[in-house]
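Chemist: Okay, here's the prediction I keep looking at, along with the sequence it came from:
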Amino acid sequence: MRNLAIRNIVKLGDDTLRKKCKPVNIIDRRTHELLDDMAQTMYEANGVGLAAPQVGVLKRIVVMDVGQGLIELINPQIVKSSGSQTAEEGCLSCGDVRKSVTRPMKVEVRALDRYGKSFTLRGEELLARCCCHEIDHLDGILFLDRAAPDPDEGE
Ligand code: NI
């Protein structure tokens with residue numbers, strides 16, 4: 001077995017974070033290696049979610065763990081959302097910056113698992129927030145884009 005590898009996390013300012021990611025058409029050994037490395041990288045950085053572009057790979061792949069175990073999403077799509085919640089959010093690509101962001105309270109996500117099987121993930125609260133944040137990454141959107149402007153910002 002190959003050793004897991006911690007990958008470098010791309011930081012704010014890098015163009016990679018602003019690109020639209022491509023759907024995964026073929027799930028192979030390299031996809032599994034990427035998923036494994038992403039999970040390892042996320043845990044090492046004490047994050048709750050990580051999207052492939054954050055490790056420099058422009059593919060629609062996400063890993064998350066909000067405390068209920070590892071979730072892997074390939075080609076995820078939010079198919080339903082309801083309610084709203086507002087809370088502070090951060091991102092492994094954005095250092096210590098935290099901003100208040102309003103997200104749906106509940107989401108339903110369709111995705112493929114690592115074996116190419118389609119499944120539905122239902123998330124509430126932090127898991128819903130995490131799904132939205134990570135899926136945004138796949139379209140080059142950062143939480144900063146969705147944050148309410150600071151009242152003391154600007155002139
Ligand atoms: Ni992020």
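Modeler: Arrived safely, thanks for sending.
Chemist: If you count contacts, what does whichever strand or helix holds Thr102 end up packed against?
Modeler: Following DSSP states H and E, one finds Thr102 within strand 99-103. With contacts taken as 3 or more Cβ pairs under 8 Å, 6 or more residues apart in numbering; DSSP states H and E, strand 99-103 sits against strand 85-89, helix 125-137, helix 143-146. C-beta here means a position set from N, CA and C on the backbone, and glycine is covered the same way.
Chemist: now these in CSV, with mean neighbour count?
Modeler: Converted to CSV, the helices and strands packed on strand 99-103 look like this (neighbours: other Cβ atoms under 10 Å):
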stretch, mean neighbour count
strand 85-89, 14
helix 125-137, 22
helix 143-146, 16
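Chemist: In this structure, which strand is the longest?
Modeler: strand 71-82 (DSSP state E).
Chemist: so what strands line up beside that strand?
Modeler: strand 61-64 (antiparallel), strand 106-112 (antiparallel) (DSSP bridges).
Chemist: which ones are touching Ser84?
Modeler: By Cβ atoms under 8 Å, 6 or more residues apart in numbering, the contact list for Ser84 reads 102-105.
Chemist: Would you write a PyMOL line that selects the buried entries of those?
Modeler: Restricted to buried positions by 16 or more other Cβ atoms under 10 Å, the PyMOL selection for the contacts of Ser84 reads:
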select buried, resi 103+104
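Chemist: what comes into contact with stretch 22-42?
Modeler: 2, 4-7, 9, 48-50, 52, 55, 57-61, 63-65, 70, 72, 74-75, 92, 112, 114-116.
Chemist: for stretch 114-124, same thing?
Modeler: Here stretch 114-124 makes contact (Cβ under 8 Å, 6+ apart) with 27, 31-32, 35, 71-74, 76, 79, 105-113, 130-131.
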